[in-house]
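Sequence and computational prediction follow.
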Amino acid sequence: MAIAVVILLLVLVSVVFHFVSPWWFTPIASNWTAIDDTITLTFWVTGIVFIAVNGFLAYCVFRFRFDKNKRADYEPENKKLEVWLTVFTTIGVAAMLAPGLVVWSEFVTVPDNAETFEVVGQQWHWSYRLPGKDGILGQSAVDLMDEKNPFGLNPNDINAQDDLLISSNIMHILLDQPVKVLMRSKDVLHNFAVPQFRVKMDLVPGIETYLWFTPTRLGRFEMLCEELCGMAHYTMRGQIVVDTAQDYQIWLDKQLTFKETLDAPAGDLHLGKNLYVSCAACHGNNGQGNETLNAPMLAGQPAWYLTRQLNYYKSQVRGSHQQDIYGQQMAAMANTLVDAKAIKDVTAYIASLPALAISPAAVNNGPLARSITSGQRLFTNCAYCHGDKAEGKFALNAPRLAGQHAWYLKRQLQNYRASIRGAHREDLYGTQMIMMSRLLQNEQAIDDVVAYITRLKPIFDAGYHQSVSREVKATESPSITGQSHVTQEVSR
């Protein structure tokens, strides 16, 4: 008797919790109410079956409870019961599947007036591509991808020249305009999902998949990767911004075409050296850094990473937090670089400075040795992006850590953990680092992992610092001071 009562109570609590649960659908922001209706129908069918089966189970437990004065009948087959069960099961399964098939047919039938954009997934980042004025996306291939051409577009394809490249995790789309989303992956299996749009689809390496929807509400919506794509899978997030026609056009006008990225001149090392004079006051003539002035080492970092940080400072993505005193100082200094050309020049010069090694403290059999052992274990999480030797990886947008000052690494980890750095919604990589830094549970864990990183010798990822030798040729020309300097020309 008690077991039957418990079963009925479990059914009752489950049904009540279903209706009062705070975990329910997010407000819909697209045309796919049919998907909600299909899921609701599935809940009703499975809910009725759940109540019926468990109710019947409770009845059987009560009706056929043990009684020494009763004897059970053995009935191995009951054709009438089997027919009824088969009929009702078939009706239930059909009630769930048939609406889903109808919705799926609509889901794969893209309207003729749909605009197209491409989403590219990689560990652990999103980027996007729009067709240019010709309305056609150019050819792409994995083997064409490098630091200069991260989308892997065919430079000889005329249709690719005017493609708009969005190297960001934020994509803008137009309100009430159907969009077809083409999807491809650079590395492993990913999944494009926006809960408010009720759409999701896998990104499969070597295959182009797609989906479509019509955004019906202005706003900013989080995009998730709902496929286990690696250790930092949960940090792979992006945003879809639904704009009015005016705001969308303003954003669109700021995007660069593939041709513009190819034709962009390389940084001028001579001009960059002149601009670096003001940087050298804190960071040193050789980019070696200065702990007294709280200036990190710059030598050995690639131009793409330095460029991103300077742009973050100029746009207040970094250095705007009231507790980030040194970031605020850098934001003021970054604003002295008047335009993108100045940033390119100074970062090209800094990237040309030879990497420097910092001598770590000697390891003994005491606390330092134990902290390095613990740090090596903790660094396993960091190595997925930054490399086994902390050399950095351009493919994962991760800077070089080896050779950096321990005090600077520690301060940045502390800032990430406290959301002093990385909390700005435009700072994709900072947001990822906040989540990753919190895997370090306490101050000792930070000290241990920093101790281990400082033991690593600076080496270079194959695609990380060698773009100069691969894409750039150096020529000597007279400088204004009478000395020779190096300028760069992009090899075509």
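Yep, it's here.

Which secondary structure state does residue 211 sit in?
strand (DSSP: H, G, I helix; E, B strand; the rest coil).

Please identify the buried residues of stretch 430-444?
Going by neighbour count (16 or more other CB atoms under 10 Å), the buried part of stretch 430-444 is 430-434, 436-437, 440. Placement of C-beta: from N, CA and C, glycine included.

and which of the residues you listed is nearest to residue 406?
residue 440 (14.6 Å; CB to CB).

so where does the residue nearest to that closest one when sequence neighbours are not counted fall, helix or strand?
Spatially, and ignoring its direct neighbours in sequence, residue 440 is nearest to residue 446 (5.2 Å; CB to CB, 6 or more residues apart in numbering). According to DSSP states H and E, residue 446 maps onto helix 443-453.

Off-centre distance for that helix?
26 Å (CA atoms, centre = their mean, to the nearest Å).

List the contacts of the residue nearest to residue 440.
410, 413-414, 417, 440 (CB atoms under 8 Å, 6 or more residues apart in numbering).

which of these are buried?
410, 413, 417, 440.

Pick the one among those closest to residue 199.
Of the buried ones among the contacts of residue 446, the one sitting nearest to residue 199 (CB to CB) turns out to be residue 417, at 34.3 Å.

Need phi/psi at the closest one.
The phi/psi pair for residue 417 (degrees, to the nearest 10) reads phi -60, psi -30.

That one touches residue 442, doesn't it?
No - counting by CB atoms under 8 Å, residue 442 is not a contact partner of residue 417; they are 9.9 Å apart.

From the centre of the protein, point out the most distant residue.
Most distant residue from the mean C-alpha position of the chain: residue 69, 68.2 Å away (CA atoms, centre = their mean).

Helices along the stretch 1-150 of the chain, start to end?
Secondary structure of the stretch 1-150 of the chain (DSSP state H, counting those that start in this stretch): helices at 2-20, 33-63, 79-107.

right, I mislabeled it, should have said the stretch 301-450 of the chain
303-314, 325-334, 340-352, 367-386, 406-417, 428-437, 443-453.

list the buried ones in the fourth one?
In this case it means helix 367-386. 368, 371-372, 374-376, 378-379, 381-386.

okay if I get the helices of the stretch 301-450 of the chain as CSV plus distance to residue 279 and mean pLDDT?
Formatted as CSV, those follow (distance: least, CB to CB, whole Å; pLDDT from 0 to 100):
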stretch, distance to residue 279, mean pLDDT
helix 303-314, 10, 91
helix 325-334, 7, 90
helix 340-352, 7, 90
helix 367-386, 24, 81
helix 406-417, 15, 93
helix 428-437, 22, 87
helix 443-453, 24, 90
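
Select, out of those helices, the one closest to residue 118.
The nearest among the helices of the stretch 301-450 of the chain, by CB to CB, is helix 428-437 at 18.2 Å.

so what secondary structure elements neighbour the closest one?
Secondary-structure packing of helix 428-437 (3 or more CB pairs under 8 Å, 6 or more residues apart in numbering; DSSP states H and E): strand 237-243, helix 406-417.

Mind splitting the protein into its structural domains?
The chain breaks down into these domains under automatic domain parsing: 2-68+77-107, 115-255, 357-461.

closest to residue 277 out of those?
Of those, nearest to residue 277 by CB to CB is domain 357-461, at 22.0 Å.

Just checking the distance from that closest one to the centre of its chain.
Using CA atoms, centre = their mean, the offset of domain 357-461 from its chain centre is 19 Å.

still on that earlier bit, just say which of the helices of the stretch 1-150 of the chain is most tucked in.
Mean neighbours per residue, mean count of other CB atoms under 10 Å, is largest over those for helix 33-63, with a mean of 14.

by contact count, what packs against it?
helix 2-20, helix 79-107.

need those helices in CSV with distance to residue 34, can you?
Output for those, formatted as CSV (distance: least, CB to CB, whole Å):
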stretch, distance to residue 34
helix 2-20, 21
helix 79-107, 5
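
quick one: residue 327 from residue 183, how far?
For residue 327, the distance to residue 183 (CB to CB, to the nearest Å) stands at 36 Å.

Residue 161 touches residue 260, doesn't it?
No - here residue 161 does not reach residue 260: they are 9.3 Å apart, not a contact under CB under 8 Å.

Same drill for these two, tell me which one is more crowded.
Neighbours were counted for residue 161 and for residue 260 using other CB atoms under 10 Å; residue 161 has more, 19 against 13.

got a list of what the more buried one touches?
Here residue 161 is in contact with 132, 138, 257-259 (criterion: CB under 8 Å, 6+ apart).

Mark which of those residues are buried, thanks.
132, 138, 257-258.

for those, which one is nearest residue 173?
residue 132 (16.7 Å).

Leaving out sequence neighbours, find the closest residue to the closest one.
residue 162 is the one closest to residue 132 (CB to CB, 6+ apart), at 2.6 Å.

Help me confirm that that neighbour comes into contact with residue 134.
Yes - Residue 162 is in contact with residue 134 according to CB under 8 Å; the separation is 6.0 Å.

more neighbours, those two?
residue 162 (18 against 13).

separation between the more buried one and residue 127?
Counting by CB to CB, the gap from residue 162 to residue 127 is 17 Å.

repeat for residue 378
Separation of residue 378 from residue 127 (CB to CB) stands at 30 Å.

for residue 267, same thing?
From residue 267 to residue 127 the distance is 23 Å (CB to CB).

Comparing those two, which residue is more hemmed in?
With neighbours defined as other CB under 10 Å, residue 267 and residue 127 compare such that residue 267 has more, 25 against 19.

The more buried one sits in which helix or strand?
Residue 267 belongs to no helix or strand, assigned by DSSP H and E.

Next: the one 4 residues further on.
Secondary structure assignment for residue 271, by DSSP H and E: helix 269-283.

tell me the contacts of residue 287?
Per CB under 8 Å, 6+ apart, neighbours of residue 287: 297-300, 350, 353, 356.

hmm, 7 Å instead?
Residues near residue 287 by CB atoms under 7 Å, 6 or more residues apart in numbering: 297-299, 350, 353.

What of residue 286?
Taking CB under 7 Å, 6+ apart, one finds 299, 353, 356 in contact with residue 286.

Any chance of those in a markdown table with neighbour count, distance to residue 26 and pLDDT as columns?
Output for those, formatted as a markdown table (neighbours: other CB atoms under 10 Å; distance: CB to CB, whole Å; pLDDT from 0 to 100):
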| residue | neighbour count | distance to residue 26 | pLDDT |
| --- | --- | --- | --- |
| 299 | 19 | 47 | 89 |
| 353 | 20 | 49 | 88 |
| 356 | 17 | 50 | 74 |
